[in-house]
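S.K.: Below are the sequence and a predicted model; questions follow.
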Amino acid sequence: MNISLSIESFPLDSYTIQDMKQLLREFEEDYRGVLQEASWSQPNVRGFAVLAYTEDGRLIGFATSVDIVNLHHYEWSVLVHPEYRRMSIGSALADGIHHGHAQRQADAQHAAFIENPDAEKFLQSLGYEPDFKEIQMAADALKEMALPEGLAILPFEGPIEELEPLLVSAFDEGILPVIAFNQAEEGREIWVMKKDGELVATATLVQEEGALWLTAFAVDPSQQRKGYGKAFLLWSRYMAHVQGMEQIMLDVETANDALHVYQKAQFEPVQTIAYWTKQKA
Ligand SMILES: CC(=O)SCCNC(=O)CCNC(=O)[C@H](O)C(C)(C)COP(=O)(O)OP(=O)(O)OC[C@H]1O[C@@H](n2cnc3c(N)ncnc32)[C@H](O)[C@@H]1OP(=O)(O)O
């Protein structure tokens, strides 16, 4: 059997996307997130796909990789149809991904996989090691919500420097290029919470193919454990309703205490994604 492999940069053409969506529909598990479906048709996203077709034109596997926030840090994943497993197609697709990373001068790469023992063996065989895990969480949109007295949430319009002290103290310096990306990119809106006019919290809302996502969420450390985080989350659920979405989603590291705060705001786990990494040779 002849299998041909090709590498295509995003945005992919509509026929290829149709084939990829068709393959995803054959699985019970939802692979759209790890395979970055929302980015396939985006002209402004740095990403690419490696595609495996049979000689009669059937797509039997593919891998995708995306430079998530334009920092030369790629996240990739791969999927092979069950009938075509244990035939080295996954490894060949991973080779294509590594080749694509080298061509694009990637500084870092993580493999993102829904947790399962087969995926673990596969990644070990490629020389990857487990790094961290994230839980994807979702909450239903809220039809109404009133912020407590004295609290307001507004779109952020100031220069990014105004947010830096809060973000650096809640996270670390690594958040700064992410927030600059969020400010520059269409479809990403930075919001700030003010208590009697003083900045207490921020989060970015991202619209992606029919879903609303919350990211870069932080409360000023001197203002934590006062209920502001929970109020922000309930408001973001209301914003999902305002924007015509049924749900709001987020990703949080399993090691982050913020997980408790999300649970308190009725976010439920959807799936756990394991991130694996490989040191540069
Ligand atoms: C999608 C993402 O952006 S993930 C990244 C999340 N952000 C960070 O990790 C940055 C650092 N952390 C923070 O800025 C803050 O801790 C936040 C944003 C996670 C939480 O903000 P806070 O204002 O402190 O949360 P808030 O006071 O509203 O707490 C809500 C509930 O969670 C509980 N809670 C808050 N922090 C914790 C904690 N560390 N451990 C356990 N429970 C907690 C509170 O007790 C409260 O419970 P209650 O409703 O029963 O009273």
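M.R.: Now that the structure is in, tell me what you want to look at. Numbers count the residues shown, from 1 in each chain.
S.K.: Please count neighbours and contacts with C-alpha atoms only from this point.
M.R.: OK.
S.K.: Y238: which element?
M.R.: helix 228-242 (DSSP states H and E).
S.K.: so, in contact with the ligand or not, the helix or strand just after that helix?
M.R.: Going down the chain from helix 228-242, the next helix or strand is strand 247-253, by DSSP H and E. Yes. Residues of strand 247-253 are located near the ligand by C-alpha under 6 Å from any ligand atom, namely L250, D251, V252.
S.K.: The helix holding Y238 packs against which elements?
M.R.: Counting contacts by 3 or more C-alpha pairs under 8 Å, 6 or more residues apart in numbering; DSSP states H and E, helix 228-242 is packed against strand 198-208, strand 211-219, strand 247-253, helix 258-264.
S.K.: Format these as CSV; extra columns: mean neighbour count and mean pLDDT.
M.R.: Listed next are the helices and strands packed on helix 228-242 as CSV, based on neighbours: other C-alpha atoms under 10 Å; pLDDT from 0 to 100:
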stretch, mean neighbour count, mean pLDDT
strand 198-208, 20, 95
strand 211-219, 21, 96
strand 247-253, 21, 96
helix 258-264, 16, 95
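S.K.: For F10, find the nearest of these.
M.R.: The closest of those to F10 is strand 198-208. By C-alpha to C-alpha, the value is 15.8 Å.
S.K.: gap between the closest one and the chain center?
M.R.: When distances are taken as C-alpha atoms, centre = their mean, to the nearest Å, strand 198-208 is centred 16 Å away from the chain's centroid.
S.K.: and if you look at stretch 263-276?
M.R.: Put simply, stretch 263-276 sits 12 Å off its chain's centre (C-alpha atoms, centre = their mean).
S.K.: likewise stretch 81-99?
M.R.: 23 Å.
S.K.: For that stretch, which residues meet the burial criterion?
M.R.: Residues of stretch 81-99 classed as buried by neighbour count (16 or more other C-alpha atoms under 10 Å): H81, I89, G90, S91, L93, A94, G96, I97, H98.
S.K.: Which of these fall within helices?
M.R.: I89, G90, S91, L93, A94, G96, I97, H98 (DSSP state H).
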